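J.: predicted model and sequence follow; I will ask about them next.
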Amino acid sequence: MTQAKHAKASDERTQLLLRLLEDSGDWQSGERLSTLLGISRAAVAKRIAGLRARGYAIQSVSGRGHRLLLKRENLDADAVGRNLRTRHIGRGQWRVFAETTSSSDEAIAMALAGAPAGSVAVAERQSRGRGRRGHAWFSAPHALMVSVLLRPAVPTTDLAWLTPLGVLAMAEAIEEIVGLRPTVKAPNDVLVGRRKVAGVLLETGMRGGEPDWAVLGIGCNVNTLPREFPQPLRGAITSLFAEIGAAVSCARLLAAVLNRMEFWYERLESGDVRSLREKWDLRLAGNR
């Protein structure tokens, strides 16, 4: 068999494997998949790994086999827009990157190129996600990684409220879509119980002493399986899937985040910091 024919046959088996998992909706043993595909169980496992790398959430358990938790979702403007109720946020440019350093790098590049407020950059995979003070952010598989470009019309002294605004929007979106009741932890964490499920990073650019742009980067562990977290982090972080035992739609969650972000952003621009502060205090870990 020529190399081209071998690659085509391999791809056809991967697509058949995906259809078998989609049609079943339940556990499929490695032995059964191996027989149906005419390949070894090791080859099945290799194709499962390849599908995961492409964004499919597939659970594998020894003795049970494999099952598809959630089909790969599009996170483009059309898919998210079905549940978007905003006027501005999410209505600018919208770019989805299969792989990049970080969604915030892309959103900053968009800002410098003149993209309008409300533009969004989504990363399916990140190679160099970052947190506060230059710390690395573990970009989990099947996570939501998005950055929103704002051009704040607020006093410089109020810019610091953009981080709590993003954290609060994420927490409220999780409660709306999943039913959990997250708390927040200063300055930029969303917690379920005592473990971190999401975080926010604010980066800003100034011109003439005034804010020219602000990028809110948000990362949320959505359908990450517990075993996909690095061992040293497992006691400190969690995912929505780990908490409820079911897959969550990233598209619906992202729409809810943007809806709540605009709600609070409009209040910040109107000078209503008090409402934002009150809701933040009510969500603070230890106050509920």
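T.: Arrived safely.

J.: let me see the contact set for residue 75.
T.: The neighbourhood of residue 75, defined by C-beta atoms under 8 Å, 6 or more residues apart in numbering, consists of 96, 122, 124, 144, 146, 250, 251, 254. The C-beta positions use only the backbone N, C-alpha and C, and glycine is treated the same way.

J.: excluding chain neighbours, what is closest to it?
T.: Counting by C-beta to C-beta, 6 or more residues apart in numbering, residue 122 is the residue found nearest to residue 75 once chain neighbours are left out, at 4.8 Å.

J.: relative to residue 18, which of the contacts of residue 75 is nearest.
T.: Taking C-beta to C-beta as the measure, residue 124 is the one of the contacts of residue 75 closest to residue 18, at 16.9 Å.

J.: wait, that closest one touches residue 72, no?
T.: No - because the distance of 9.0 Å does not satisfy C-beta atoms under 8 Å, residue 124 is recorded as not touching residue 72.

J.: overlap in contacts of these two?
T.: Among the neighbours of residue 124, those also in contact with residue 72 (C-beta under 8 Å, 6+ apart) are residue 55.

J.: helices and strands of the chain: which one bottoms out on pLDDT?
T.: Of all helical and strand segments in the chain, the minimum by mean pLDDT, DSSP states H and E falls on helix 3-24, at a mean of 73.

J.: average pLDDT across the helix or strand just after that one?
T.: Downstream of helix 3-24, the next assigned helix or strand under DSSP states H and E is helix 30-37. Throughout helix 30-37, pLDDT has a mean value of 92.

J.: which elements pack onto helix 30-37?
T.: Secondary structure elements in contact with helix 30-37, counted by 3 or more C-beta pairs under 8 Å, 6 or more residues apart in numbering; DSSP states H and E, are helix 3-24, helix 41-53, strand 65-70.
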